[in-house]
Every structure is written in C-alpha cells, then in structure tokens.
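**Student:** below is the sequence, then the predicted model.
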Amino acid sequence: MTAAVTTAPMDKDRAGPLSGLLRHRALGKLLLLAVAAAVIVPLVNARWSSGTWPHALTVDISEPLGKASDWIIDNRDSHPLFLYFFGHISNAVVLSVRAVYLVLLAAGWAGVTAAAGLIAWRVAGWRLGVSATLAFLVCGALGMWVPTVQTLALMVVAVFTSVVLGALLGLAAGLSDRMHRILRPVLDTMQVFPAYAYLLPVVLVFGIGVPAAVLATVVYAAPPMARLTALGLRSADGGVMEAVASLGANARQRLTTARLPLARQELLLGLNQTIMMALSMAVIASVIGAGGLGDRVYQALASVDVGAALAAGIPIVLLAVVLDRVTGAAGARLGSHEAPAHWKWGVVAAGTVVVALATRFADRLDWPDSWVVNIADPVNDAVDWMTDHLYTGVPYVGGTADWAGHFTTWVLDPVRSGLTWLPWWAVLLIVAALAWLIGTWRTALTAVLAMAAIGVLGVWKPSLDTLSQVLAAVAVTLVLGFAIGIAAARSERLERLLRPVLDVFQTMPQFVYLIPVVALFGVGRAPAVAAAVVYALPAVIRITTQGLRQVDAAAMEASRSMGATTGQQLRQVQLPLARPALLLAVNQGVVLVLAVVIIGGLVGGGALGYDVVFGLAQGDLATGLVAGAAIVCLGLMLDRVTQPTERRTREGKEA
C-alpha cells in the first residue's frame, strides 16, 4: 500500500507536463481550425453553395476503363503479355488447384477425413483430432462434401502461395531497414482494404474463374504473413544474435540458426492469420467463380434461400474453427519443451493411406447419399414461421421486421440525409479536422485527398450512403462493445463465459454473418448493418477488455487508497489510461464494419456494395472498378480519421 501511494504522486508529476502539453496542442489545433473555418467557409460557400459534389470537379473514368476492359478481353488470347506471363500464371493456378482437387477426390471422403483427424491429432492433441474428424463428417452429412473438397483445394494452393510470398517479403523487410520502410506503408494500406476491393483488379486481368479467385485470395492473405515474419525477425533477442555473431557465424548461418528459430511463434501466428484470411476470401471470391462452399452460400443468398445458405455456411464455420484451433495449438506447443515424436508422422501417413485404399477398394469414394441430412427444408420452414409470427405484430415488442424498419427510419435515413445535406466542402473540412486532431497534418492531408478522390470519381452520393451505414453500425458496435468489454474487464467469470463465443465469432468468415440476419430481418440496409455489428463486435470487446485489464495496478491502488468509488476509478483512471486501446478498438471496429457493410450489397445494402456486385455479376467492370476504388478511398479515410499516429499513442500512454 505504501509503495503504491508513494509511486502515484511521482507518476502524476511525471504525467502532468505531458498531459498539459497534449491539452495545449489540442487547444492550439482547435484554435487554428476555428480561424481556418472562419476564412475558408465564406469563400467556398460563395463559390459552391450546393451540397452535392460539383460536376465540374468530376472525372469520368468509366469510358477509359470500359475501353481498357474491352482491350483486355479482346487481346487476352493473343497479346504476348497475356500469352507468356499472365497466361502461364493462370495455367499454373488451374493445374495446381485441379491436381489438389483430384488427389482429395482420389483419397475419398474417408481418406480426407482420416488425414484431417490424424494431422490435427499429431499437431494439437487427440481432442482437436476428434473435433477435426467430426467437422469433416458433418460437412459430408450436410450434403456438402464435394463443395468442401473444392474449397479445400483452392485453400491449399492459395495458402501455400500466400505463405511463400509473405515469408519472402517478410524476410526482406526483416533483414533490410530500407525494404521495411518501403513495405510498411504498402502493408498498412492493404490492411484497410475491404475484401471486395481485391476482386476487381484480378477479374480485369484474369477474368471470371478459379485463377482470379486464387490470386485475389493470395493478395488478401499474404500481408499478415509478411508483417509477422518481419516482426519476428526484427524483434530477435539482441544478446542471442550477438552471441551467435561472436562465434563466427555468417549472415546465412545467423538467419537459419538464430533469427528464424527465435521467430517461430510469429511465423506460426502469421500462418494462422493467413489461413483464416484465405478462407474468408476464398468464400467471398465465390462471386467471381471460385466455386465450392462460398458459391453455394452466394447462390442461396441471391435467391433468399436461408436453409441452403445455412447448410453451406455450417461447413465454412467448422473449417474455420478447426483450422484456427489446430494452428493456434501448434503455436502454443512450440513454446513447450516437449520431446518431438517423429513416429507420429509415420502413423499419420500410414493411417491415411490405409483408410484411403480401403475406401477405394470398397468403391466408397463419394459420400453416400443415404447419409445426407437435409436441413434446408426444416430451416426454411422455421424461417417461414418466423416470417409469419416474429417479423411483425408481436405484442409490446413488435417484430424483427419492425425493428429493422424503425432502425432504418430513425437512424439510417436521418444519418444519410444529414450527410447528403452537408455541402461537400463541409464534409472535407470535417474529415480534415478530425484527422488532424487525432494525428498530424500528413494524416489529415491523406484523409482529405482520399475523400476528395471519391467526389472526383463521381460516386459522392452512394459513398455517403455507405458512410451513413458505417457510422450507424460503428455507433451501435462501440456502445455494445465498450459496455460488454467494461463488464468483462471487471468480471473474470463473464470474460470466461464470453471467451469461447468470441473465439467462434472471430473465426467465422464475413459471408456467413449474412445468413442469420437475412433469416431474422429479411433484406435491406438494416440487415447489412446488423451483420456488420455482429462481425465487428468481438474485436471491440476483446481490445477493450484487454486495454482495461492492462491499466497500471499501482494507479488503481492509489485511486482506491484515496477513496475513489468503482465508477470514479473507471472514469478517472481506467478509461484515460486505456485510451490507446480504446482508440485501437474504434479503428478496428470501423475497418471491420466497412468490410461487411460492403458485402451487405448482396442482401439489399445498396450503395457502393451494390455497384460492386452489379459490376461483377453483369460484367460491367467500369462500374465495379469505380465503386471498388471509392471503397478503398473510403476505407483509407476512415482508417486515418480513427487511427492515432505512433507518436500520439506513445504520448497518450506516457500521460
């Protein structure tokens, strides 16, 4: 107690000048913004009094994009660039996916299931081995064996390519400061891109089909591997590296005997993140012809067949959970001193071969039709019952359709109307002010240029529609996430109860979230927002809980010794000290919400998401590419507005 009381004034004295400095900087920025607004607003208002983006400041790129698309389509089979470069890449992807697919089919359902269970047992223990086996059996029982194998084949090729490419980039960034400085902003920008934004460029070059799906998945999934590889190599223990160098090891020996072994945890975490992102993207890539489970979900959602969508969605969730648990358990075992049991890999290989051969000799390669359980019809019956009894007219509480309608009427419509009512230059000024207050002038300039690019592209109104959905979803997400996160931080029992639920929700691909909201709310903007909230909520809860739990114990003890109540501790100690974590929660919530709001175009979300879906479905790549570019700009702007600079975060922690 005495130590805590003695330490607190020292911390306060140290933090006081920094806190005052931060306050003075904020006040100075506010004063400059007020002066700038007083000068700029009358001038701009006199020139552009209309709220909409002026036509004179737009650039129509649909015609050149259309011509470029037509040229690519006309020359895809004759131009040397396609014949000798892109063509070889496309053929290699097709042959690789087909080879893996044929191997999986040749092993039969029993061989693939046995291999999955045995590999999980070898890597992560018998419990996860049993879980993996049951997961693959459920995939077959739902009548989704062939789509599951198709998704696995695409996943194997995409993950292998992503890991190799990401590891090479991470190796270069980890060993070279110059390469690290070059790659860091590129990887930062790629991280905020919604998944849909990756589909359009590859479709333009490779067309609709498996090559485009695989390459889009690789581009989306490789950055985590690159970032974590670079992090592991650059954070290697200096004492160990100095000891290895003193023994006369050259650069290659230092890399293979010290840096890479010390970075094993980061490398396996990168593999885990790459697998999860590849699965998520492989499902989304069904829009451009990836096939597999994602295609079944996409087709079912297009026809509002919730039962069929759920039958395909369950295997996706099971695959995601199994892959996440197995790679996570493998990473945990790396830190243990358990003696390697190489004989277990022999058991895995022998068991897989025996089961596969037995299945082939018994002529039972395909999943038996008599073992298929039809859940689509009962689920659709349940949805019909919900439509009749829960959508509307429920006494006192209304119905789910009523809730969606009220949310649209009282939240989404006013926010959209307010954004479109604001003059375009006012939106840019607000963006600049928010970005500058939380970051630097470079941050503000980037955010303003990104928002201005949306207007130049001629999609100002649909972008504001998308922004209104994002803002509404983020508001709901932050209210729920902060409330649940604070409760979980103060109750270990609640945190233990929430942990498995959040784990499952964080491993589910984005596409899957659309299924329950369509069943509950039908189609429209409100269901898209609901799916975005559910998708982003786990990350906000986790970051909030972790940030509050990591508050300095000495500060908490000092506040208790001074008689602070629980509420006062939360408001005056925990929340201020956890400010960096809370800002990170806001940033992650915004990025994750945007990703699903865009996909919400599949269920009536409209705006930019609809333009992307329409462009992909109708082959109108000009419309799709313009909308995709606007999505990228919107994501970049939102990231810059909600992400403090490294210097601000460090000062906030010190204060």
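**Tutor:** Ah, there it is.
**Student:** what's stretch 75-91 in contact with?
**Tutor:** With contact meaning C-beta atoms under 8 Å, 6 or more residues apart in numbering, stretch 75-91 is reached by 205, 206, 207, 211, 215. To be clear about C-beta, it is placed using only N, CA and C from the backbone, and glycine gets the same treatment.
**Student:** how about it: buried residues?
**Tutor:** 76, 82, 86, 87, 90 (16 or more other C-beta atoms under 10 Å).
**Student:** next one: the third one from residue 590, what distance?
**Tutor:** In this structure, residue 86 and residue 590 are separated by 35 Å, where distance is defined by C-beta to C-beta, to the nearest Å.
**Student:** swap in the last one?
**Tutor:** Applying C-beta to C-beta, one obtains 36 Å for the distance of residue 90 from residue 590.
**Student:** and the pLDDT for residue 59?
**Tutor:** As predicted, residue 59 sits at a pLDDT of 84.
**Student:** neighbours around the residue nearest to it when sequence neighbours are not counted, how many?
**Tutor:** Nearest non-adjacent residue to residue 59, counting by C-beta to C-beta, 6 or more residues apart in numbering: residue 456, 5.3 Å away. Number of residues near residue 456 (other C-beta atoms under 10 Å) recorded here: 17.
**Student:** mind listing what residue 456 touches?
**Tutor:** Residues in contact with residue 456 (C-beta under 8 Å, 6+ apart) are 57, 58, 59.
**Student:** what do you get if the cut-off is 10 Å, keeping everything else the same?
**Tutor:** Contact analysis of residue 456 by C-beta atoms under 10 Å, 6 or more residues apart in numbering lists 53, 57, 58, 59, 60, 61, 449, 630, 633.
**Student:** same check on residue 276?
**Tutor:** Residue 276 makes contact with 159, 221, 224, 320, 323, 324, 327, 506, 507, 508, 509, according to C-beta under 10 Å, 6+ apart.
**Student:** does the second one touch residue 274 like I think?
**Tutor:** The reference is to residue 221. Yes - with contacts defined as C-beta atoms under 10 Å, residue 221 counts as touching residue 274 at a distance of 4.8 Å.
**Student:** what is in contact with these two at once?
**Tutor:** By C-beta under 10 Å, 6+ apart, residue 221 and residue 274 have these common neighbours: 158, 159, 162, 163, 165, 166.
**Student:** correct me if wrong: the last one contacts residue 275.
**Tutor:** No - using C-beta under 10 Å as the test, residue 166 is too far from residue 275 to be in contact (11.6 Å).
**Student:** neighbour count winner among those two?
**Tutor:** Set side by side, residue 166 and residue 275 show more neighbours around residue 166, with 27 against 24, by other C-beta under 10 Å.
**Student:** list the residues that contact that one.
**Tutor:** Contact analysis of residue 166 by C-beta under 10 Å, 6+ apart lists 187, 218, 221-230, 267, 270-271, 273-274.
**Student:** out of the residues you listed, list just those in strands.
**Tutor:** Among these, no member falls in strands (DSSP state E).
**Student:** between the shared contacts of residue 221 and residue 274, which is nearest residue 610?
**Tutor:** residue 158 (27.1 Å; C-beta to C-beta).
**Student:** ok, residue 610 - contacts?
**Tutor:** 462, 465, 466, 598, 600, 601, 602, 604, 623, 627.
**Student:** scratch that, residue 64 is what I was asking about
**Tutor:** Neighbour list for residue 64: residue 622 [criterion: C-beta under 10 Å, 6+ apart].
**Student:** okay, it and residue 615: tell me how far apart.
**Tutor:** With C-beta to C-beta as the criterion, residue 64 and residue 615 are 15 Å apart.
**Student:** what about the stretch 551-655 of the chain, any weak spots by pLDDT?
**Tutor:** By pLDDT under 70, the low-scoring segments of the stretch 551-655 of the chain are 617, 619, 644-655.
**Student:** please enumerate the helices of it.
**Tutor:** Using DSSP state H, counting those that start in this stretch, the helices of the stretch 551-655 of the chain run over 553-561, 566-569, 575-577, 579-599, 607-618, 621-642, 646-654.
**Student:** got the buried residues for the fifth one?
**Tutor:** What it means is helix 607-618. 607, 608, 609, 610, 611, 612, 613, 615, 616.
**Student:** also the first one?
**Tutor:** Taking 16+ other C-beta under 10 Å as the basis for neighbour counts, the residues of helix 553-561 that come out buried are 554, 555, 556, 557, 558, 559, 560.
**Student:** before we move on, what about the second one?
**Tutor:** Buried positions in helix 566-569, judged by neighbour count with 16+ other C-beta under 10 Å: residue 569.
**Student:** can I get it in PDB? Just the C-alpha atoms.
**Tutor:** Taking C-alpha atoms only, helix 566-569 is exported to PDB below (Å, rounded to 0.1, in the frame of the first residue of the first chain):
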ATOM      1  CA  THR A 566     -15.700   2.000  -8.600                       C
ATOM      2  CA  GLY A 567     -17.300   4.400 -11.000                       C
ATOM      3  CA  GLN A 568     -14.700   7.100 -10.300                       C
ATOM      4  CA  GLN A 569     -11.900   4.500 -10.900                       C
END
